[in-house]
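have a look; sequence and predicted model below, questions after that.
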Amino acid sequence: DAKTTQPPSMDCAEGRAANLPCNHSTISGNEYVYWYRQIHSQGPQYIIHGLKNNETNEMASLIITEDRKSSTLILPHATLRDTAVYYCIVRGAGNMLTFGGGTRLMVKP
Amino acid sequence: KAGVTQTPRYLIKTRGQQVTLSCSPISGHRSVSWYQQTPGQGLQFLFEYFSETQRNKGNFPGRFSGRQFSNSRSEMNVSTLELGDSALYLCASSPGGRGDHNEQFFGPGTRLTVL
């Protein structure tokens, strides 16, 4: 599976949009981009995934660039409960997830 | 629908002992994956079981093993425990088709401390 690069930490003001970037320049055509988050020592929680089209669900939006080499997870109105480590994962066939270091998002009041 | 459950939640063992951790997937899910999370190495894939067969394996020594039962419940075993095995062990379940891009649902984890 392709490797991903994320900033180690980010801050966001409560109520503002949080935009978390991810680079995956070696992604191949059949690999999807997944986002999970982990709130302190709990199990990771699935957020969203996509192949090449932008995706939106009740939690977040995923914007994938046309060349698929990078993506952005958008939390439209961040709350204090969104403080977590966010993992961007590129996943091919199979259920093995390769986690990187993630981005530690701190939402501040 | 009940989520993924893991037992026990906390465990303390001493070096050289062995330990067995249990995971019950979401009803109807046939794939169970195990991960180890440590501060130094982050989240690392251990292995995946599907229909009682190991389908994928990460880069861990043979002291780490697992199995899956016909009801999809899974256990992992670590023998001859080392201090470095202290970690949060996470289990994830999914419906299981290899080509499917389904989300994986994680349990709360078992925190193992080796003294």
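Alright, I've got the coordinates.

mind jotting down where the strands sit in the chain?
The chain I'm using is chain A. A:9-13, A:18-23, A:32-38, A:45-50, A:55-56, A:61-64, A:70-75, A:84-91, A:103-108 (DSSP state E).

that's the wrong chain, I wanted chain B
With DSSP E as the criterion, chain B has strands spanning B:5-7, B:10-13, B:19-24, B:31-38, B:42-50, B:53-57, B:64-68, B:74-78, B:87-94, B:105-106, B:110-114.

need those strands in CSV (columns: mean neighbour count).
Where you see a C-beta, it was placed from the backbone N, CA and C, and this is true even at glycine. Formatted as CSV, the strands of chain B follow (neighbours: other CB atoms under 10 Å in any protein chain shown):
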stretch, mean neighbour count
strand B:5-7, 16
strand B:10-13, 13
strand B:19-24, 19
strand B:31-38, 24
strand B:42-50, 22
strand B:53-57, 14
strand B:64-68, 19
strand B:74-78, 21
strand B:87-94, 24
strand B:105-106, 22
strand B:110-114, 18
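
now distance to A:Arg91 and mean pLDDT too, for those, in JSON lines please.
Shown next, in JSON lines, are the strands of chain B (distance: least, CB to CB, whole Å; pLDDT from 0 to 100):
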{"stretch": "strand B:5-7", "distance to A:Arg91": "23", "mean pLDDT": "97"}
{"stretch": "strand B:10-13", "distance to A:Arg91": "30", "mean pLDDT": "97"}
{"stretch": "strand B:19-24", "distance to A:Arg91": "21", "mean pLDDT": "98"}
{"stretch": "strand B:31-38", "distance to A:Arg91": "12", "mean pLDDT": "95"}
{"stretch": "strand B:42-50", "distance to A:Arg91": "11", "mean pLDDT": "93"}
{"stretch": "strand B:53-57", "distance to A:Arg91": "12", "mean pLDDT": "91"}
{"stretch": "strand B:64-68", "distance to A:Arg91": "21", "mean pLDDT": "97"}
{"stretch": "strand B:74-78", "distance to A:Arg91": "21", "mean pLDDT": "98"}
{"stretch": "strand B:87-94", "distance to A:Arg91": "11", "mean pLDDT": "96"}
{"stretch": "strand B:105-106", "distance to A:Arg91": "15", "mean pLDDT": "94"}
{"stretch": "strand B:110-114", "distance to A:Arg91": "24", "mean pLDDT": "97"}
